[in-house]
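J.: what's the 3D shape of this:
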Amino acid sequence: MEILNGKAVAKNLNERTAKRVATLKERGITPGIAVIYVGDDPASAIYTRNKDKMALRLGMNSQLMHLPATATQEEVMAVLQEYNQDPMIHGILIQSPLPKHLDEHALVQAIRPDKDVDGFHSMNVGRLYNNEPGNYPVSCTPRGIMTMLDHYGIELAGKRVVIMGRSILVGRPLQALLINRDATVTMVHRHTKDPEAFTRQADILIVGIGQPQAVTSELVKPGAIVIDVGIHRTEKGKLIGDVDYDSVKEVAGMLTPVPGGVGPMTIASLMAQTVDLAEWSIRDDQ
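T.: Take a look at the predicted model:
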């Protein structure tokens, strides 16, 4: 069984991103990312801090706007519109989850599509599903998964891929990316009858269901490539995924670990996509 080392692939990607940032800086342009974080969710605090540190480490301009949990829709929207108009900011993201009184969908749709670094704006999602040519951002975790598969030379055309989980963050955009690469994609979810019948046929099984260690070896085709998107912390502080690693490693051909698999690829892809947006903005201005 081969480990798909997302940490190593992300390191390689970050090195390439840093070189691209340096090239842009030589032209007088510093790629800029703005993260809007509302409230005091502990996980969000860690994620936003990590994104900020990584952007600064790669030589980028990073703006971290932390608003109190009492911030109104209008107050968050006002900050967002400032970043929309700021030529120094090329990518904007709103850290989820937001306090319940805020309309996250409306805020995401208010981000300029050409600054939508998370790839969640309906215009960018539509372009992805239509497999349109041209430049537009896509969801960072799916992008990171595709980058990792490509790094390991995994052929996608004609492969049977099963995605467990249909979230708008991972499952749905990943389905589109894989279909666009000529894979045969099946999506299973909580209403799927006999999901094992599908998962055991998968050449590539991608799991993002938010259930700790729910996928065991019985659900996996021998020799399959298994990608674990989940991340959970046990009472003892250990990080685990949606896949029962110890069980599945006995049957899988390739497997991502948790931590060190998909997680590092998400942040690395976010940084790379910010630089994409900066580069595309130059072409659009010319």
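
J.: which sections of the stretch 51-200 of the chain are below the confidence cut-off?
T.: Within the stretch 51-200 of the chain, not a single segment meets pLDDT under 70.

J.: What segments of it are strands?
T.: When assigned using DSSP state E, counting those that start in this stretch, the strands of the stretch 51-200 of the chain occupy the ranges 61-67, 91-94, 160-164, 184-188.

J.: Can you tell me which of the ones you listed is most buried?
T.: Highest mean neighbour count of the strands of the stretch 51-200 of the chain: strand 91-94, a mean of 26 (counted as mean count of other Cβ atoms under 10 Å). For the C-beta atoms, the positions are set from N, CA and C on the backbone; glycine is no exception.

J.: what are the ranges of the helices in this protein?
T.: 6-26, 42-57, 73-85, 104-110, 122-129, 140-151, 171-180, 196-199, 245-248, 262-285 (DSSP state H).

J.: so can I have TSV of those helices showing mean neighbour count and distance to Q213?
T.: Putting the helices of the chain into TSV (neighbours: other Cβ atoms under 10 Å; distance: least, Cβ to Cβ, whole Å) gives the following:
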stretch	mean neighbour count	distance to Q213
helix 6-26	17	19
helix 42-57	15	19
helix 73-85	15	36
helix 104-110	15	29
helix 122-129	17	31
helix 140-151	23	20
helix 171-180	21	19
helix 196-199	16	15
helix 245-248	17	8
helix 262-285	21	16
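
J.: so which of the ones you listed comes closest to A157?
T.: helix 171-180 (10.1 Å; Cβ to Cβ).

J.: what does the closest one contact?
T.: Contact with helix 171-180 is made by 119, 125, 128-129, 131, 138-139, 141-143, 145-146, 156, 161, 163-166, 185, 187, 189, 206, 208, as judged by Cβ atoms under 8 Å, 6 or more residues apart in numbering.

J.: Same check on stretch 234-243?
T.: 164, 207-215, 226, 228-233, 255-256, 258-259, 261.

J.: What sits closest to the most centrally placed residue in the chain if chain neighbours are left out?
T.: In the chain, the centroid-proximal residue (Cα atoms, centre = their mean) is T141; its distance is 1.9 Å. Once flanking residues are discounted, T141 sits nearest to T266: 4.7 Å by Cβ to Cβ, 6 or more residues apart in numbering.

J.: beta partners for the residue nearest to P259 when sequence neighbours are not counted?
T.: Of all residues not flanking P259 in the chain, L239 sits nearest, at 4.8 Å (Cβ to Cβ, 6+ apart). Going by DSSP bridges, L239 is paired in beta bridges with R233.

J.: what pLDDT does L239 get?
T.: pLDDT for L239: 94.

J.: Return the residues in contact with N14.
T.: If you count contacts by Cβ under 8 Å, 6+ apart, then N14 has 54, 58, 268, 271 around it.

J.: For V161, give me its contacts.
T.: Counted by Cβ under 8 Å, 6+ apart, V161 has contacts 178, 183-186, 202-206.

J.: would you list those residues in CSV and tack on distance to E75?
T.: Shown next, in CSV, are those (distance: Cβ to Cβ, whole Å):
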residue, distance to E75
L178, 39
A183, 43
T184, 47
V185, 41
T186, 43
A202, 46
D203, 48
I204, 44
L205, 43
I206, 38
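
J.: So what pairs up with the closest residue to Q175 other than its chain neighbours in the strands?
T.: Nearest non-adjacent residue to Q175, counting by Cβ to Cβ, 6+ apart: V185, 5.2 Å away. Beta-bridge partners recorded for V185 (DSSP bridges): V161.

J.: going forward can the numbers begin at 813, since that is how I track them
T.: In the new numbering, first residue 813, that becomes V997.

J.: so how far is A1026 from V997?
T.: 20 Å (Cβ to Cβ, to the nearest Å).

J.: tell me the domain ranges of the chain?
T.: When the chain is parsed with automatic domain parsing, its domains come out as 840-925, 952-1074.

J.: Out of those, which is closest to V821?
T.: The nearest among the domains of the chain, by Cβ to Cβ, is domain 952-1074 at 4.8 Å.

J.: Give me the distance between the two termini of the closest one.
T.: 10 Å (Cα to Cα, to the nearest Å).

J.: Lovely, talk soon.
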